[in-house]
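> Please find the sequence and the predicted model below.
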Amino acid sequence: MKPLDRNISILEHIINYCNQIEETIQRFGNSYGTADPEITWEILVEDIPAFKEYCAAIIKEHKAAH
């Protein structure tokens with residue numbers, strides 16, 4: 001993968017993640033105290049680890065290429 005392609009891919013993922021955050025804020029508004037604990041838990045155990053793995057894979061690929 002070319003560096004520019006990788007950068008675009010990262011940016012697309014970040015935009016997607018930001019959209020998910022915006023959707024969460026729209027769903028709950030500024031009433032953070034009323035957040036659904038199950039949805040919060042799902043974000044913590046599924047979304048964040050997936051984002052972490054994605055970033056780690058890119059870093060590993062970059063280091064292997066250099």
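Sure thing, it's come through.
> buried ones in stretch 50-66?
By neighbour count with 16 or more other Cβ atoms under 10 Å, stretch 50-66 contains the buried residues residue 58. Using the backbone N, CA and C atoms, a C-beta is placed for each residue, glycine as well.
> Restrict that stretch to CA atoms and write it as PDB.
Provided in PDB are the C-alpha atoms of stretch 50-66 (Å, rounded to 0.1, in the frame of the first residue of the first chain):
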ATOM      1  CA  ALA A  50     -11.100  -2.500  17.200                       C
ATOM      2  CA  PHE A  51      -9.700   1.000  16.700                       C
ATOM      3  CA  LYS A  52      -6.700   0.200  18.700                       C
ATOM      4  CA  GLU A  53      -6.000  -3.000  16.700                       C
ATOM      5  CA  TYR A  54      -6.400  -1.100  13.400                       C
ATOM      6  CA  CYS A  55      -3.900   1.500  14.400                       C
ATOM      7  CA  ALA A  56      -1.500  -1.100  15.700                       C
ATOM      8  CA  ALA A  57      -1.700  -3.000  12.500                       C
ATOM      9  CA  ILE A  58      -0.800   0.100  10.500                       C
ATOM     10  CA  ILE A  59       2.100   0.800  12.800                       C
ATOM     11  CA  LYS A  60       3.400  -2.800  12.500                       C
ATOM     12  CA  GLU A  61       3.100  -2.700   8.700                       C
ATOM     13  CA  HIS A  62       4.900   0.600   8.500                       C
ATOM     14  CA  LYS A  63       7.800  -0.700  10.800                       C
ATOM     15  CA  ALA A  64       8.100  -3.900   8.800                       C
ATOM     16  CA  ALA A  65       8.400  -1.900   5.500                       C
ATOM     17  CA  HIS A  66      11.200   0.200   6.900                       C
END
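> Got the phi and psi for residue 49?
Residue 49 adopts backbone torsions of phi -60, psi -40, taken as degrees, to the nearest 10.
> which stretches of the protein have low pLDDT?
Scanning the chain for pLDDT under 70 picks out 1, 29-33.
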